[in-house]
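Visitor: Quick one, structure for this:
(one chain, ligands or ions: 1)
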Amino acid sequence: MTPAARLQATLILAEEIDTVARPADAVISGFFRGKKAFDDEDRGAILDLVNDLLRHQARLDWWLAKHGRKTTPRNRLLAWLTVGARKPADQIKRLFNGGKFAPEALADQEYTLLIKLKGSTIQHPSMPEDVQVECPEWAAGPLRDRFGADFGTEMAALLTPPALDVRVNTVKTTPKEVLHELTALGLEADPLPRAANGIRISQRMALSRLPALKRGEIEIQDEGSQLVAMLVDAQPGERVVDFCAGAGGKTLAIATQMNNKGHIVACDVNEGRLKRCAERMRKAGLHNGETRLLASETDRWVKRRKGGYDRVLVDAPCSGTGTWRRNPDARWRAPEEKGLEALVALQARILASAARLVKPGGRLVYATCSLLTEENEAQVAGFLAANPAFRVVPLPEVAPQITDSAHPEFLSLTPARHDTDGFFAAVLRRDDGVVTAETPA
Ligand SMILES: C[S@@+](CC[C@H](N)C(=O)[O-])C[C@H]1O[C@@H](n2cnc3c(N)ncnc32)[C@H](O)[C@@H]1O
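Guide: Numbering: from 1, shown residues only. Sure, this is the predicted structure:
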């Protein structure tokens, strides 16, 4: 594939990501599906370029505005090639040549833009701080409140591409065997520092190079996500609910913890994701689970199963601020249409309803991939105030091996401090109605 054709593919993707509400990874995988003309190298180069545009969008837009230009995907690409990739104007003109599979030929005023941008640097001291760190307006206040003096450092970490973390499916193999295979393939792979069955692959490569992935022996899962599943601490033979299971990232990890014994119900309001979850369970050789589509968080099924589960995980829908490293488009899509407040209210409703499933003495884990206090500590505080039967089980009690959480009681991970996605998890226990030796019959 020619360099011009790669640029044209980048442009198609950038335009679609800019206009549709779907996440970029869904747009990208949809675009490449069934297209044999793109080999791994083409895909890698196009993906890098799309991500470069998304990770520098605020700064590119600042440069475009400075020169009175519209912030369109095509203008952003032209600006990036000049300011970021530092390509000479004439070389860009040769690539934007209007040929078959190439971007439309450069207009005169586009060429003028390239000349004006020549010698500019992607970072400029006159840029406002939020532009320099690519922080969208809707999140700047809450993130500054959360991080204070560390705001800049955390934002910078959110702009770096993450390493590839995988979780070993111990129902099928062992971390030792997987490490051995990865090393034999010439990949740089090491055990994760905190997640017992996790491995980090530091080197960039196409996923097609991982045969263990095809065999269902490993799953791609950030260390933070692996740790959330670990905090559920589901034991073989127990009854467990993963209330917001989605496509099952954590369901699979929990079902594996249970060593295929007992029962896990993966609930969600999204049928497509649950279908994917069931497929992944099958591929992973897990048969201790079922999926359950809920009409809403207050579906009648929840009432019928009240008090019936040893462990319940609520991996709530959230702003996703902790995942901006891997989803660089997410920062440019404000949380849902109704904003952060509506999201926080939904989380509260989900948590209150899912809590009904926990049996006396059982464990409730509330988690998000958000960095915002409103969705995390404040959400838990609100729940505890309204539900006195639950109390916090401090992190050092449930996971003494995690010694570097950013919060003394909860799991709180940030990209700058832990080199994981931003994750939050609170472990709660239902303390009422527990029958002990002292409880009168
Ligand atoms: C953070 S994602 C879950 C990710 C998943 N646990 C994983 O590890 O791959 C949150 C999920 O909550 C689901 N959700 C949204 N509203 C819900 C509701 N009212 N009740 C239950 N689940 C809901 C979404 O469909 C989404 O799949």
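Visitor: who in the stretch 201-350 of the chain is up against the ligand?
Guide: Residues of the stretch 201-350 of the chain lying near the ligand by C-beta under 6 Å from any ligand atom: 225, 243-250, 268-270, 273, 294, 296-297, 315, 317, 350. The C-beta positions use only the backbone N, C-alpha and C, and glycine is treated the same way.
Visitor: List the ones among those that fall in strands.
Guide: Residues of these located in strands (DSSP state E): 268, 315.
Visitor: Buried residues of whichever strand or helix holds Arg94, list them for me.
Guide: Assessed by DSSP states H and E, Arg94 sits inside helix 89-95. The neighbour-count check on helix 89-95 (16 or more other C-beta atoms under 10 Å) flags 89, 92, 95 as buried.
Visitor: Chain neighbours aside, what residue packs nearest to the last one?
Guide: In this case it means Leu95. Ala4 (4.7 Å; C-beta to C-beta, 6 or more residues apart in numbering).
Visitor: domain ranges for the protein?
Guide: Per automatic domain parsing, the domain ranges recorded for the chain read 3-127, 164-220, 223-430.
Visitor: Include mean pLDDT when you put the ones you listed into CSV, please.
Guide: Shown next, in CSV, are these (pLDDT from 0 to 100):
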stretch, mean pLDDT
domain 3-127, 95
domain 164-220, 94
domain 223-430, 96
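Visitor: and among these, the most buried is which?
Guide: By mean neighbour count, with neighbours taken as mean count of other C-beta atoms under 10 Å, domain 223-430 ranks first of the domains of the chain at a mean of 20.
Visitor: now that domain: how far from the chain's centre is it?
Guide: A distance of 13 Å separates the centroid of the chain from that of domain 223-430, by C-alpha atoms, centre = their mean, to the nearest Å.
Visitor: Just the helices from the stretch 101-250 of the chain, written as ranges.
Guide: Taking DSSP state H, counting those that start in this stretch as the test, the helices found in the stretch 101-250 of the chain are 108-117, 129-132, 137-147, 151-157, 175-184, 211-214, 223-232, 249-257.
Visitor: Need those helices in TSV (columns: distance to Gln57).
Guide: Below are the helices of the stretch 101-250 of the chain laid out as TSV (distance: least, C-beta to C-beta, whole Å):
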stretch	distance to Gln57
helix 108-117	16
helix 129-132	10
helix 137-147	13
helix 151-157	14
helix 175-184	34
helix 211-214	31
helix 223-232	25
helix 249-257	27
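Visitor: where exactly do the helices run in the stretch 251-400 of the chain?
Guide: In the stretch 251-400 of the chain, the helices defined using DSSP H, counting those that start in this stretch lie at 271-283, 300-304, 340-355, 377-386, 395-398.
Visitor: any idea how far the residue nearest to Leu95 lies from Phe101?
Guide: Note on Ala4: its distance to Phe101, by C-beta to C-beta, to the nearest Å, is 7 Å.
Visitor: How far does stretch 130-137 stretch from one end to the other?
Guide: Using C-alpha to C-alpha, to the nearest Å, one end of stretch 130-137 lies 8 Å from the other.
Visitor: Pull out the buried residues from it.
Guide: For stretch 130-137, a neighbour-count test (16+ other C-beta under 10 Å) marks 130-136 as buried.
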